[in-house]
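S.K.: A structural model of the following input is requested.
(one chain, ligands or ions: 1)
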Amino acid sequence: MKSENIAAISTALSASGVAVIRISGDSPLDIAEKMFTPIGSTGVKDFEPYKLYVGEICADGFTDFGMCVYFKGPKSFTGEDVVEFHCHGGVAITKGILKKILSLGARLATNGEFTKRAFMNGKLSLSSAEGLIDMINSESVSGVKAGYYLYREKLTDEINALQDIITDTIAQIDCDMDFPEEDLERSSTEAVTRDLKTVIDRIDALIKTYRTGRTLKNGVSVGIVGKPNTGKSSLLNALLSYEKAIVSDVAGTTRDIVEGNIEIKGVRFNFSDTAGIRESDDKIEALGVGLSKKILAESDLILFVLDGSDINEQDQVIYDLVKDKNLIVALNKTDKCSVKDDRADIYVSALKNENVEQLKDLIYDRTVGAGVDLNGDFLCEERHYDALIRAKEKLVSALNAVGVVTLDVLAIDVKDGWDALGEISGRTATEDIINNIFAKFCVGK
Ligand code: GDP
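M.R.: Prediction:
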(Lines give C-alpha, C1' and ligand atoms only; values in the text may rest on other atoms or scores of the structure.)
Protein backbone atom coordinates (compact mmCIF):
# COMPACT_ATOMS: atom_id res chain seq x y z
CA MET A 1 0.00 0.00 0.00
CA LYS A 2 1.27 3.48 -0.86
CA SER A 3 2.33 5.60 2.07
CA GLU A 4 2.60 9.35 1.76
CA ASN A 5 5.84 10.97 2.97
CA ILE A 6 5.21 12.81 6.24
CA ALA A 7 7.66 15.09 8.01
CA ALA A 8 8.03 16.93 11.31
CA ILE A 9 10.53 18.39 13.71
CA SER A 10 11.00 15.64 16.29
CA THR A 11 12.85 17.60 18.94
CA ALA A 12 11.58 20.53 21.03
CA LEU A 13 11.41 23.80 19.12
CA SER A 14 13.98 25.92 20.95
CA ALA A 15 17.63 26.92 20.83
CA SER A 16 19.59 23.74 21.54
CA GLY A 17 22.72 21.86 20.57
CA VAL A 18 21.12 19.52 18.06
CA ALA A 19 17.66 19.03 16.56
CA VAL A 20 16.17 16.19 14.54
CA ILE A 21 13.78 16.46 11.62
CA ARG A 22 12.20 13.24 10.48
CA ILE A 23 10.59 12.04 7.24
CA SER A 24 8.72 8.74 6.94
CA GLY A 25 6.96 7.20 3.97
CA ASP A 26 7.58 5.52 0.63
CA SER A 27 10.41 7.69 -0.60
CA PRO A 28 12.07 9.93 2.00
CA LEU A 29 15.44 9.25 0.38
CA ASP A 30 14.18 10.95 -2.85
CA ILE A 31 13.57 14.10 -0.80
CA ALA A 32 16.91 13.83 1.00
CA GLU A 33 18.72 13.53 -2.32
CA LYS A 34 17.33 16.88 -3.42
CA MET A 35 18.49 18.77 -0.31
CA PHE A 36 21.48 16.98 1.21
CA THR A 37 25.02 17.12 -0.19
CA PRO A 38 27.18 14.57 1.58
CA ILE A 39 30.90 15.06 2.16
CA GLY A 40 32.65 12.15 0.49
CA SER A 41 31.89 10.03 -2.50
CA THR A 42 28.70 8.15 -1.45
CA GLY A 43 25.60 9.67 -3.04
CA VAL A 44 22.38 9.90 -0.99
CA LYS A 45 20.70 7.12 -3.00
CA ASP A 46 23.59 4.80 -2.08
CA PHE A 47 23.48 5.55 1.66
CA GLU A 48 24.00 2.50 3.81
CA PRO A 49 21.07 2.24 6.23
CA TYR A 50 21.59 3.13 9.91
CA LYS A 51 24.79 5.06 9.20
CA LEU A 52 25.24 8.78 9.79
CA TYR A 53 26.53 10.83 6.86
CA VAL A 54 27.93 14.34 7.28
CA GLY A 55 27.11 17.06 4.79
CA GLU A 56 25.32 20.26 3.83
CA ILE A 57 21.59 20.51 4.43
CA CYS A 58 20.05 22.89 1.93
CA ALA A 59 17.11 24.55 3.72
CA ASP A 60 14.60 27.21 2.72
CA GLY A 61 16.87 30.21 1.98
CA PHE A 62 20.02 29.01 3.82
CA THR A 63 22.33 26.05 4.34
CA ASP A 64 23.20 24.25 7.58
CA PHE A 65 25.93 21.70 8.15
CA GLY A 66 24.75 18.50 9.78
CA MET A 67 24.06 14.82 9.36
CA CYS A 68 21.64 12.54 7.57
CA VAL A 69 20.68 8.95 8.38
CA TYR A 70 18.52 6.48 6.50
CA PHE A 71 16.48 3.77 8.26
CA LYS A 72 15.31 1.16 5.80
CA GLY A 73 11.80 -0.16 6.39
CA PRO A 74 10.59 -2.36 7.94
CA LYS A 75 13.55 -2.02 10.34
CA SER A 76 12.68 1.50 11.36
CA PHE A 77 10.53 3.13 14.04
CA THR A 78 7.50 3.46 11.76
CA GLY A 79 8.18 0.29 9.78
CA GLU A 80 8.52 2.46 6.65
CA ASP A 81 11.58 4.07 5.09
CA VAL A 82 12.67 6.90 7.35
CA VAL A 83 15.22 9.68 6.91
CA GLU A 84 16.41 11.94 9.70
CA PHE A 85 18.32 15.19 9.44
CA HIS A 86 20.37 16.09 12.50
CA CYS A 87 20.97 19.83 12.36
CA HIS A 88 21.88 22.64 14.73
CA GLY A 89 19.05 23.17 17.15
CA GLY A 90 17.80 26.66 16.34
CA VAL A 91 14.17 27.57 15.78
CA ALA A 92 14.77 29.23 12.39
CA ILE A 93 17.14 26.43 11.32
CA THR A 94 14.72 23.59 12.05
CA LYS A 95 11.73 25.43 10.63
CA GLY A 96 13.68 26.27 7.46
CA ILE A 97 14.71 22.65 6.94
CA LEU A 98 11.16 21.42 7.52
CA LYS A 99 9.82 24.02 5.07
CA LYS A 100 12.23 22.75 2.44
CA ILE A 101 11.15 19.14 3.02
CA LEU A 102 7.48 20.13 2.68
CA SER A 103 8.22 22.06 -0.53
CA LEU A 104 9.69 18.83 -1.93
CA GLY A 105 6.41 16.98 -1.52
CA ALA A 106 6.14 15.69 2.04
CA ARG A 107 3.11 16.53 4.17
CA LEU A 108 3.35 17.86 7.73
CA ALA A 109 2.74 14.95 10.11
CA THR A 110 -0.24 15.15 12.47
CA ASN A 111 0.05 14.52 16.22
CA GLY A 112 1.58 11.13 16.89
CA GLU A 113 1.39 10.12 13.25
CA PHE A 114 4.83 8.49 13.23
CA THR A 115 3.84 6.34 16.20
CA LYS A 116 0.43 5.63 14.71
CA ARG A 117 2.13 4.33 11.57
CA ALA A 118 4.41 2.22 13.78
CA PHE A 119 1.28 0.75 15.43
CA MET A 120 -0.48 0.19 12.10
CA ASN A 121 2.63 -1.55 10.76
CA GLY A 122 2.79 -3.87 13.78
CA LYS A 123 5.96 -2.34 15.26
CA LEU A 124 4.38 -1.77 18.65
CA SER A 125 1.09 -2.41 20.42
CA LEU A 126 -1.37 0.24 21.49
CA SER A 127 -0.35 -0.04 25.14
CA SER A 128 3.30 0.28 24.14
CA ALA A 129 2.49 3.53 22.31
CA GLU A 130 0.71 4.75 25.44
CA GLY A 131 3.78 3.85 27.51
CA LEU A 132 5.90 5.89 25.13
CA ILE A 133 3.74 8.98 25.58
CA ASP A 134 3.74 8.44 29.35
CA MET A 135 7.53 8.33 29.36
CA ILE A 136 7.83 11.46 27.25
CA ASN A 137 5.36 13.39 29.41
CA SER A 138 6.68 12.15 32.72
CA GLU A 139 8.43 14.52 35.07
CA SER A 140 9.38 11.92 37.66
CA VAL A 141 11.53 8.80 37.72
CA SER A 142 8.61 6.63 38.78
CA GLY A 143 6.50 7.97 35.88
CA VAL A 144 9.23 7.00 33.43
CA LYS A 145 9.41 3.52 34.94
CA ALA A 146 5.65 3.05 34.73
CA GLY A 147 5.70 4.13 31.07
CA TYR A 148 8.67 1.89 30.26
CA TYR A 149 6.80 -1.17 31.54
CA LEU A 150 4.12 -0.52 28.93
CA TYR A 151 6.49 0.61 26.21
CA ARG A 152 8.52 -2.60 26.42
CA GLU A 153 5.32 -4.63 25.85
CA LYS A 154 5.31 -6.30 29.27
CA LEU A 155 1.60 -5.63 29.74
CA THR A 156 0.84 -6.63 26.15
CA ASP A 157 2.71 -9.92 26.65
CA GLU A 158 0.60 -10.73 29.70
CA ILE A 159 -2.61 -9.72 27.91
CA ASN A 160 -1.68 -11.86 24.89
CA ALA A 161 -1.00 -14.81 27.21
CA LEU A 162 -4.43 -14.39 28.83
CA GLN A 163 -6.10 -14.11 25.43
CA ASP A 164 -4.35 -17.32 24.34
CA ILE A 165 -5.82 -19.18 27.31
CA ILE A 166 -9.28 -17.81 26.45
CA THR A 167 -8.81 -18.78 22.80
CA ASP A 168 -8.18 -22.36 23.95
CA THR A 169 -11.28 -22.17 26.13
CA ILE A 170 -13.38 -21.06 23.18
CA ALA A 171 -11.90 -23.86 21.05
CA GLN A 172 -12.79 -26.33 23.80
CA ILE A 173 -16.37 -25.06 23.87
CA ASP A 174 -16.63 -25.22 20.05
CA CYS A 175 -15.32 -28.77 20.06
CA ASP A 176 -17.84 -29.74 22.69
CA MET A 177 -20.68 -28.24 20.67
CA ASP A 178 -19.58 -30.21 17.61
CA PHE A 179 -19.33 -33.51 19.52
CA PRO A 180 -21.81 -33.22 22.37
CA GLU A 181 -21.16 -36.51 24.19
CA GLU A 182 -21.57 -36.79 27.94
CA ASP A 183 -17.93 -37.51 28.92
CA LEU A 184 -16.56 -34.86 26.66
CA GLU A 185 -19.00 -32.32 28.07
CA ARG A 186 -17.86 -33.03 31.62
CA SER A 187 -14.17 -32.80 30.76
CA SER A 188 -14.62 -29.58 28.82
CA THR A 189 -16.67 -28.08 31.64
CA GLU A 190 -13.79 -28.79 34.01
CA ALA A 191 -11.24 -27.36 31.62
CA VAL A 192 -13.31 -24.24 31.00
CA THR A 193 -13.76 -23.67 34.75
CA ARG A 194 -10.06 -24.09 35.40
CA ASP A 195 -9.02 -21.76 32.57
CA LEU A 196 -11.51 -19.06 33.47
CA LYS A 197 -10.32 -19.11 37.09
CA THR A 198 -6.70 -18.80 35.99
CA VAL A 199 -7.43 -15.83 33.76
CA ILE A 200 -9.59 -14.09 36.38
CA ASP A 201 -6.85 -14.51 39.02
CA ARG A 202 -4.26 -13.02 36.69
CA ILE A 203 -6.54 -10.11 35.81
CA ASP A 204 -7.07 -9.52 39.54
CA ALA A 205 -3.33 -9.44 40.10
CA LEU A 206 -3.03 -6.71 37.47
CA ILE A 207 -5.99 -4.73 38.80
CA LYS A 208 -4.45 -4.71 42.29
CA THR A 209 -1.42 -2.79 41.02
CA TYR A 210 -3.50 0.06 39.59
CA ARG A 211 -3.74 2.32 42.64
CA THR A 212 0.01 2.42 43.08
CA GLY A 213 0.64 2.58 39.33
CA ARG A 214 -1.59 5.61 38.99
CA THR A 215 0.24 7.26 41.87
CA LEU A 216 3.58 6.59 40.19
CA LYS A 217 2.36 8.04 36.92
CA ASN A 218 0.38 11.08 38.08
CA GLY A 219 2.10 11.82 41.36
CA VAL A 220 0.43 12.36 44.70
CA SER A 221 -1.57 15.47 45.55
CA VAL A 222 -1.14 16.78 49.07
CA GLY A 223 -3.35 19.57 50.39
CA ILE A 224 -1.98 21.65 53.26
CA VAL A 225 -4.71 22.96 55.54
CA GLY A 226 -4.95 24.67 58.90
CA LYS A 227 -6.10 27.91 60.39
CA PRO A 228 -4.26 31.11 59.36
CA ASN A 229 -0.76 31.67 60.69
CA THR A 230 0.00 28.09 61.77
CA GLY A 231 2.95 28.04 59.35
CA LYS A 232 1.49 26.31 56.31
CA SER A 233 3.34 28.49 53.79
CA SER A 234 6.53 28.20 55.80
CA LEU A 235 6.20 24.42 55.91
CA LEU A 236 5.54 24.30 52.18
CA ASN A 237 8.69 26.36 51.62
CA ALA A 238 10.65 24.02 53.88
CA LEU A 239 9.33 21.00 51.96
CA LEU A 240 10.12 22.58 48.61
CA SER A 241 13.40 23.99 49.91
CA TYR A 242 12.80 27.38 48.34
CA GLU A 243 10.76 30.52 48.95
CA LYS A 244 7.59 30.12 46.95
CA ALA A 245 4.64 30.80 49.23
CA ILE A 246 4.29 34.27 50.74
CA VAL A 247 5.11 34.08 54.43
CA SER A 248 3.71 36.71 56.71
CA ASP A 249 2.50 36.95 60.29
CA VAL A 250 -0.75 38.69 59.37
CA ALA A 251 -3.48 36.08 59.61
CA GLY A 252 -5.01 35.25 56.24
CA THR A 253 -2.05 36.21 54.04
CA THR A 254 -2.08 33.08 51.92
CA ARG A 255 -5.10 33.97 49.86
CA ASP A 256 -4.65 31.91 46.74
CA ILE A 257 -3.58 28.35 46.50
CA VAL A 258 0.19 28.16 46.23
CA GLU A 259 1.44 25.05 44.55
CA GLY A 260 4.76 23.34 44.27
CA ASN A 261 6.12 19.89 43.67
CA ILE A 262 9.04 17.76 44.76
CA GLU A 263 10.20 14.23 44.19
CA ILE A 264 10.39 11.95 47.17
CA LYS A 265 12.18 8.66 46.40
CA GLY A 266 11.46 9.12 42.69
CA VAL A 267 7.73 9.85 43.09
CA ARG A 268 6.28 13.27 42.33
CA PHE A 269 4.33 15.02 45.09
CA ASN A 270 2.19 18.04 44.24
CA PHE A 271 1.56 20.27 47.23
CA SER A 272 -1.18 22.87 47.49
CA ASP A 273 -1.12 25.37 50.31
CA THR A 274 -4.49 26.93 50.93
CA ALA A 275 -5.95 29.85 52.75
CA GLY A 276 -7.01 28.91 56.27
CA ILE A 277 -10.41 27.36 56.60
CA ARG A 278 -12.35 29.84 58.73
CA GLU A 279 -15.36 32.07 58.62
CA SER A 280 -14.45 35.42 57.10
CA ASP A 281 -16.13 38.44 55.56
CA ASP A 282 -13.10 39.11 53.42
CA LYS A 283 -14.12 38.18 49.84
CA ILE A 284 -10.69 37.04 48.70
CA GLU A 285 -10.23 35.09 51.88
CA ALA A 286 -13.65 33.60 51.31
CA LEU A 287 -12.56 32.51 47.83
CA GLY A 288 -9.47 30.98 49.35
CA VAL A 289 -11.64 29.05 51.75
CA GLY A 290 -13.69 27.79 48.83
CA LEU A 291 -10.56 26.52 47.17
CA SER A 292 -9.51 24.85 50.39
CA LYS A 293 -12.67 22.82 50.35
CA LYS A 294 -11.98 21.83 46.76
CA ILE A 295 -8.53 20.67 47.77
CA LEU A 296 -10.03 18.81 50.66
CA ALA A 297 -12.09 16.82 48.23
CA GLU A 298 -9.38 16.25 45.62
CA SER A 299 -6.20 15.56 47.60
CA ASP A 300 -4.76 12.09 48.09
CA LEU A 301 -3.42 13.24 51.43
CA ILE A 302 -4.22 16.14 53.76
CA LEU A 303 -1.43 17.72 55.74
CA PHE A 304 -3.07 19.51 58.65
CA VAL A 305 -0.82 22.05 60.36
CA LEU A 306 -1.25 23.01 64.00
CA ASP A 307 0.60 25.91 65.60
CA GLY A 308 1.91 24.44 68.89
CA SER A 309 1.96 27.88 70.46
CA ASP A 310 -1.64 28.66 69.60
CA ILE A 311 -4.00 25.70 69.71
CA ASN A 312 -7.69 26.48 70.13
CA GLU A 313 -11.18 25.30 69.21
CA GLN A 314 -10.78 26.60 65.64
CA ASP A 315 -8.25 23.81 65.07
CA GLN A 316 -10.79 21.26 66.28
CA VAL A 317 -13.34 22.57 63.77
CA ILE A 318 -10.86 22.01 60.95
CA TYR A 319 -9.75 18.68 62.41
CA ASP A 320 -13.35 17.47 62.38
CA LEU A 321 -13.54 18.35 58.68
CA VAL A 322 -10.41 16.37 57.79
CA LYS A 323 -10.19 13.56 60.31
CA ASP A 324 -11.75 10.96 58.02
CA LYS A 325 -9.34 11.71 55.16
CA ASN A 326 -5.93 10.21 54.58
CA LEU A 327 -4.37 12.58 57.08
CA ILE A 328 -1.11 13.68 58.63
CA VAL A 329 -1.28 16.15 61.49
CA ALA A 330 1.94 18.15 61.83
CA LEU A 331 2.39 20.22 64.95
CA ASN A 332 4.56 23.16 63.92
CA LYS A 333 6.74 25.71 65.76
CA THR A 334 8.43 23.21 68.08
CA ASP A 335 11.30 25.70 68.30
CA LYS A 336 9.19 27.97 70.46
CA CYS A 337 7.02 25.53 72.39
CA SER A 338 7.13 21.94 73.61
CA VAL A 339 3.43 21.23 73.77
CA LYS A 340 2.14 17.74 72.95
CA ASP A 341 -1.16 17.07 71.23
CA ASP A 342 -2.99 13.76 70.87
CA ARG A 343 -3.90 14.55 67.28
CA ALA A 344 -0.31 15.12 66.13
CA ASP A 345 1.50 12.52 64.00
CA ILE A 346 4.72 14.48 63.81
CA TYR A 347 6.35 17.53 65.44
CA VAL A 348 8.17 19.98 63.17
CA SER A 349 9.66 23.43 62.97
CA ALA A 350 9.29 24.93 59.53
CA LEU A 351 11.38 27.90 60.59
CA LYS A 352 14.34 25.82 61.82
CA ASN A 353 13.83 23.08 59.22
CA GLU A 354 13.49 20.48 61.98
CA ASN A 355 11.97 17.06 61.18
CA VAL A 356 11.09 18.16 57.64
CA GLU A 357 12.89 15.16 56.08
CA GLN A 358 11.05 12.84 58.48
CA LEU A 359 7.82 14.53 57.42
CA LYS A 360 8.65 13.77 53.77
CA ASP A 361 9.19 10.09 54.67
CA LEU A 362 5.88 9.99 56.50
CA ILE A 363 4.09 11.60 53.52
CA TYR A 364 5.60 8.95 51.23
CA ASP A 365 4.68 6.05 53.54
CA ARG A 366 1.07 7.23 53.92
CA THR A 367 0.51 7.53 50.18
CA VAL A 368 2.79 5.34 48.07
CA GLY A 369 3.32 2.88 50.93
CA ALA A 370 6.48 2.07 52.82
CA GLY A 371 7.29 -1.27 51.21
CA VAL A 372 6.45 -0.57 47.56
CA ASP A 373 9.15 -1.60 45.08
CA LEU A 374 9.12 1.00 42.31
CA ASN A 375 10.82 -1.48 40.00
CA GLY A 376 7.75 -3.71 40.06
CA ASP A 377 5.20 -3.81 37.26
CA PHE A 378 2.20 -1.55 37.69
CA LEU A 379 -0.94 -0.77 35.78
CA CYS A 380 -1.00 3.01 35.37
CA GLU A 381 -3.48 3.79 32.57
CA GLU A 382 -7.16 4.24 33.35
CA ARG A 383 -8.05 2.88 29.91
CA HIS A 384 -6.29 -0.42 30.66
CA TYR A 385 -7.85 -0.61 34.11
CA ASP A 386 -11.35 -0.09 32.66
CA ALA A 387 -10.81 -2.75 30.01
CA LEU A 388 -9.59 -5.23 32.64
CA ILE A 389 -12.60 -4.55 34.87
CA ARG A 390 -14.94 -5.19 31.93
CA ALA A 391 -13.05 -8.32 30.91
CA LYS A 392 -13.23 -9.63 34.46
CA GLU A 393 -16.99 -8.96 34.70
CA LYS A 394 -17.61 -10.97 31.54
CA LEU A 395 -15.39 -13.86 32.60
CA VAL A 396 -16.86 -14.01 36.12
CA SER A 397 -20.31 -14.03 34.57
CA ALA A 398 -19.21 -16.94 32.34
CA LEU A 399 -17.69 -18.79 35.29
CA ASN A 400 -20.89 -18.43 37.32
CA ALA A 401 -22.87 -19.78 34.38
CA VAL A 402 -20.85 -23.00 34.05
CA GLY A 403 -23.25 -25.89 34.62
CA VAL A 404 -26.22 -23.49 34.60
CA VAL A 405 -26.44 -22.62 30.93
CA THR A 406 -25.20 -24.48 27.89
CA LEU A 407 -21.61 -23.95 26.81
CA ASP A 408 -22.59 -22.11 23.65
CA VAL A 409 -24.47 -19.45 25.67
CA LEU A 410 -21.55 -19.18 28.05
CA ALA A 411 -19.19 -18.71 25.11
CA ILE A 412 -20.72 -15.29 24.39
CA ASP A 413 -19.41 -13.85 27.67
CA VAL A 414 -16.06 -15.55 27.18
CA LYS A 415 -15.70 -13.98 23.76
CA ASP A 416 -16.68 -10.53 25.14
CA GLY A 417 -14.00 -10.93 27.81
CA TRP A 418 -11.46 -11.72 25.07
CA ASP A 419 -12.52 -8.60 23.16
CA ALA A 420 -12.21 -6.35 26.22
CA LEU A 421 -8.67 -7.60 26.82
CA GLY A 422 -7.80 -7.00 23.18
CA GLU A 423 -8.57 -3.29 23.55
CA ILE A 424 -5.46 -2.96 25.70
CA SER A 425 -2.99 -4.26 23.16
CA GLY A 426 -5.01 -2.86 20.28
CA ARG A 427 -6.05 -6.19 18.79
CA THR A 428 -9.72 -5.25 19.14
CA ALA A 429 -9.47 -1.49 19.59
CA THR A 430 -11.88 0.61 17.59
CA GLU A 431 -10.82 3.45 15.28
CA ASP A 432 -12.06 5.93 17.93
CA ILE A 433 -9.91 4.46 20.68
CA ILE A 434 -6.87 4.50 18.41
CA ASN A 435 -7.44 8.09 17.25
CA ASN A 436 -7.96 9.30 20.82
CA ILE A 437 -4.68 7.82 21.91
CA PHE A 438 -2.60 9.29 19.11
CA ALA A 439 -4.23 12.71 19.42
CA LYS A 440 -2.49 12.97 22.81
CA PHE A 441 0.93 12.81 21.17
CA CYS A 442 2.87 15.84 20.06
CA VAL A 443 3.64 16.45 16.40
CA GLY A 444 6.93 14.78 15.47
CA LYS A 445 6.46 11.65 17.63
P1 GDP B 1 0.20 30.35 57.23
O2 GDP B 1 -0.75 31.50 57.35
O3 GDP B 1 -0.33 29.15 57.93
O4 GDP B 1 0.62 30.05 55.82
O5 GDP B 1 1.50 30.76 58.07
P6 GDP B 1 2.90 31.38 57.57
O7 GDP B 1 3.75 30.34 56.96
O8 GDP B 1 2.60 32.62 56.80
O9 GDP B 1 3.55 31.71 58.97
C10 GDP B 1 2.95 32.59 59.90
C11 GDP B 1 4.01 33.09 60.85
O12 GDP B 1 4.51 32.02 61.62
C13 GDP B 1 5.21 33.73 60.14
O14 GDP B 1 5.64 34.84 60.89
C15 GDP B 1 6.25 32.62 60.20
O16 GDP B 1 7.56 33.12 60.17
C17 GDP B 1 5.94 31.98 61.51
N18 GDP B 1 6.36 30.57 61.53
C19 GDP B 1 6.10 29.60 60.62
N20 GDP B 1 6.67 28.45 61.00
C21 GDP B 1 7.30 28.67 62.16
C22 GDP B 1 8.09 27.85 63.02
O23 GDP B 1 8.34 26.67 62.82
N24 GDP B 1 8.56 28.45 64.15
C25 GDP B 1 8.34 29.75 64.45
N26 GDP B 1 8.84 30.25 65.57
N27 GDP B 1 7.62 30.56 63.65
C28 GDP B 1 7.10 30.03 62.50
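S.K.: alpha carbons only for contacts and neighbour counts from here, please
M.R.: Noted.
S.K.: show me the shaky parts of this structure.
M.R.: 178-187, 242-257, 275-292, 444 (pLDDT under 70).
S.K.: give me the domain ranges for it.
M.R.: Under automatic domain parsing, the residue ranges defining each domain of the chain are 6-109, 127-209+379-438, 225-262+273-292+306-355.
S.K.: can I get the ones you listed in TSV with mean neighbour count and distance to Leu216?
M.R.: Output for these, formatted as TSV (neighbours: other CA atoms under 10 Å; distance: least, CA to CA, whole Å):
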stretch	mean neighbour count	distance to Leu216
domain 6-109	19	25
domain 127-209+379-438	18	5
domain 225-262+273-292+306-355	18	13
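S.K.: what's the closest of the ones you listed to Asn218?
M.R.: Asn218 lies closest, by CA to CA, to one member of the domains of the chain: domain 127-209+379-438, at 7.2 Å.
S.K.: starting at the chain centroid, how far to that closest one?
M.R.: 21 Å (CA atoms, centre = their mean, to the nearest Å).
S.K.: now name the helix or strand holding Tyr385.
M.R.: In the assignment (DSSP states H and E), Tyr385 maps to helix 382-401.
S.K.: do Lys95 as well
M.R.: With DSSP H and E as the test, Lys95 turns up in helix 91-103.
S.K.: ditto for Arg22
M.R.: strand 16-25.
S.K.: which residues are contacting the next helix or strand after that strand?
M.R.: Downstream of strand 16-25, the next assigned helix or strand under DSSP H and E is helix 28-35. By CA atoms under 8 Å, 6 or more residues apart in numbering, the surrounding residues in contact with helix 28-35 are 5, 43-45, 57-59, 70, 81-83, 100-101, 104-105.
S.K.: for the helix holding Tyr385, name the packing helices and strands.
M.R.: Packing partners of helix 382-401 (3 or more CA pairs under 8 Å, 6 or more residues apart in numbering; DSSP states H and E): helix 182-208, helix 407-425.
S.K.: residues contacting the helix holding Lys95, please?
M.R.: Contacts of helix 91-103 with the rest of the structure, by CA under 8 Å, 6+ apart, involve 7-9, 13-15, 19-21, 31, 35, 57-62, 64, 87-88, 108.
S.K.: distance from the chain centre to that helix, please.
M.R.: 32 Å.
S.K.: could you do stretch 223-238 as well?
M.R.: That offset, for stretch 223-238, works out to 30 Å (CA atoms, centre = their mean).
S.K.: and for stretch 29-44?
M.R.: 40 Å.
S.K.: can you give me the end-to-end distance of that stretch?
M.R.: End-to-end distance for stretch 29-44, by CA to CA, to the nearest Å: 7 Å.
S.K.: try stretch 204-214
M.R.: Stretch 204-214 has an end-to-end distance of 16 Å (criterion: CA to CA).
S.K.: picking up where we left off before, next, format the helices and strands packed on helix 382-401 as TSV and append distance to Ser233.
M.R.: Listed next are those as TSV, based on distance: least, CA to CA, whole Å:
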stretch	distance to Ser233
helix 182-208	36
helix 407-425	43
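S.K.: mind checking which of these is nearest the ligand?
M.R.: Among those, the nearest to the ligand by CA to the nearest ligand atom is helix 182-208 (37.5 Å).
S.K.: buried ones in the next helix or strand after that closest one?
M.R.: As assigned by DSSP H and E, the chain's next helix or strand after helix 182-208 is helix 210-218. Within helix 210-218, the residues scored as buried using 16 or more other CA atoms under 10 Å are 210, 212-218.
S.K.: among those, which ones lie close to the ligand?
M.R.: Contacts with the ligand are made by none of these, judged by CA under 6 Å from any ligand atom.
S.K.: nearest to Phe304, of those?
M.R.: Distances from Phe304 to these, taken as CA to CA, are shortest for Thr215 (21.0 Å).
S.K.: the ligand versus the nearest residue to that closest one once chain neighbours are set aside, what's the distance?
M.R.: Closest residue to Thr215 apart from its sequence neighbours, by CA to CA, 6 or more residues apart in numbering: Val368 at 7.0 Å. Distance, Val368 to the ligand, by CA to the nearest ligand atom, to the nearest Å: 26 Å.
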